[in-house]
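> Have a look; sequence and predicted model below, questions after that.
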Amino acid sequence: MNQIRKSIEGWGNGLLGVLIFSGSLPATRVAVQGFSPLFLTSARAVIAALLGAALLMLWRQARPQRQDLVSLSVIACCVVIGFPLLTALALQSITSAHSIVFIGLLPLTTALFGVLRGGERPKPLFWLFSCLGSATVVGFALSYGGPASLAGDLLMIASIVVCGLGYAEGAKLSRRLGGWQVISWALVLALPPMLLVALATRPPSWESTGGLPWLGLAYVSVFSMLIGFVFWYRGLAAGGIASVGQLQLLQPFFGLALAGLLLGEPIAWAMIGATGLCVACVAFARKFA
């Protein structure tokens, strides 16, 4: 019963994390209309770090041990700096609806790093369906994007690789430190350099920045950078990195809906078809995880 309860808890927390992360790329797409990618990346990290530091002090959390600093540095470089910066750069040349489909690659990269860093051993059929889902995403990007979006596609692929590493590393450390503690300490670790970057790249004038970019910045700072990771790392730690990580294949559905409803971006049938195939693959992959 404890194992079943732990699995349900893991999938529940993971699903909440995915729902929160689904708004990240549409919010980033809105934010880069008013801020540069470097300022957006650093500002969201600074805001989230201040909130994380407040939580750590409020609950009087002990400092991480010295051996944890390497893992926390990897997490900071991957999910605090790498993924936000690469996606912000990509979203200058591609739509958020197009970028969201690349999230279908995240379960595969997360599972790969779960094996390398977390010691998990999924069954061979798991890899078959994970690769099929990833191949669907890559095929869509190559057929739909065109030459003009090649740079954006490559940036999105790079962002998925570093994000998968950050997810797996964070999940492993969360088993000992706790989900919200891990992301909070990673944010605090990244605060000094991110504060310097934010000050150096701040807009020369705030008057030309509309309200929507500020809303986008607020969302990615509070929800994408902090609250979402609280649930996500807790879910990965409780339910297994490879298994719960497959929930990320649901994220394109939620993200595409947000991109269409909130941003008015066109959603091609090819996008929906590619996302549907990915979700079919995750159902089989989870069975053999």
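Perfect, I can see it now.
> Show me where the stretch 1-150 of the chain dips below the pLDDT cut-off.
1, 141-142, 144-148 (pLDDT under 70).
> What residues sit buried inside stretch 253-264?
Across stretch 253-264, burial judged by 16 or more other Cβ atoms under 10 Å covers 253-256, 258-260. Yep, even glycine has a C-beta here, placed from its N, CA and C like the rest.
> Which stretches in the stretch 151-289 of the chain count as helices?
179-201, 211-219, 228-239, 241-245, 251-263, 269-287 (DSSP state H, counting those that start in this stretch).
> Which other helices and strands does the fifth one contact?
Counting contacts by 3 or more Cβ pairs under 8 Å, 6 or more residues apart in numbering; DSSP states H and E, helix 251-263 packs against helix 2-21, helix 24-31, helix 96-100, helix 269-287.
> Quick check: which of the helices of the stretch 151-289 of the chain is buried the most?
helix 241-245 (a mean of 30; mean count of other Cβ atoms under 10 Å).
> any idea of the mean pLDDT for that one?
On average, the pLDDT along helix 241-245 is 85.
> ok so, going back, can you redo the buried residues of stretch 253-264 as CSV with pLDDT and distance to Gln246?
CSV is the format used below for these (pLDDT from 0 to 100; distance: Cβ to Cβ, whole Å):
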residue, pLDDT, distance to Gln246
Phe253, 78, 14
Phe254, 82, 15
Gly255, 79, 16
Leu256, 76, 18
Leu258, 80, 21
Ala259, 76, 22
Gly260, 80, 24
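> ok, so of those residues, who is nearest Gly133?
Gly133 has its nearest neighbour among those in Phe253, at 13.2 Å by Cβ to Cβ.
> hang on, the earlier thing: could the helices and strands packed on helix 251-263 be laid out in a markdown table, adding distance to Ala186?
What follows is the helices and strands packed on helix 251-263, written out as a markdown table (distance: least, Cβ to Cβ, whole Å):
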| stretch | distance to Ala186 |
| --- | --- |
| helix 2-21 | 15 |
| helix 24-31 | 17 |
| helix 96-100 | 23 |
| helix 269-287 | 27 |
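> Contacts only, for Arg5.
By Cβ atoms under 8 Å, 6 or more residues apart in numbering, no residues touch Arg5.
> repeat that with 10 Å
Arg5 sits next to Ala238 when contact means Cβ atoms under 10 Å, 6 or more residues apart in numbering.
> Leu38 versus that one, what's the distance?
Look at Arg5 and Leu38: by Cβ to Cβ, to the nearest Å, they are 44 Å apart.
> And for Gln92?
In terms of Cβ to Cβ, Gln92 sits 12 Å off from Leu38.
> what do you get for Ala158?
Ala158 is 16 Å from Leu38, by Cβ to Cβ.
> cool, and Ala238?
Counting by Cβ to Cβ - Ala238 and Leu38 are separated by 35 Å.
> Equivalent analysis for Gln246, please.
33 Å.
> same check, this time on Ser22
From Ser22 over to Leu38 (counting by Cβ to Cβ), the distance is 25 Å.
> my read: Leu89 touches Leu155, true?
Yes. Using Cβ atoms under 10 Å, Leu89 makes contact with Leu155 at a distance of 5.2 Å.
> Next, count neighbours for the closest residue to Pro37 other than its chain neighbours.
Setting aside the residues directly before and after it, Pro37 is nearest to Ala88 in space (Cβ to Cβ, 6 or more residues apart in numbering), at 3.6 Å. Neighbours of Ala88 under the rule other Cβ atoms under 10 Å: 25.
> quick one: what helix or strand has Ala88 in it?
Using DSSP states H and E, Ala88 maps to helix 83-90.
> so how far is stretch 77-93 from its chain's centroid?
The chain centre lies 10 Å from the centre of stretch 77-93; the measure is Cα atoms, centre = their mean, to the nearest Å.
> So for Ser22 and Leu38, which sits in the more crowded spot?
Ser22 (25 against 16).
> My guess is that one contacts Gln251. True?
Yes. The pair Ser22 / Gln251 is scored as a contact, 5.1 Å apart, by Cβ under 10 Å.
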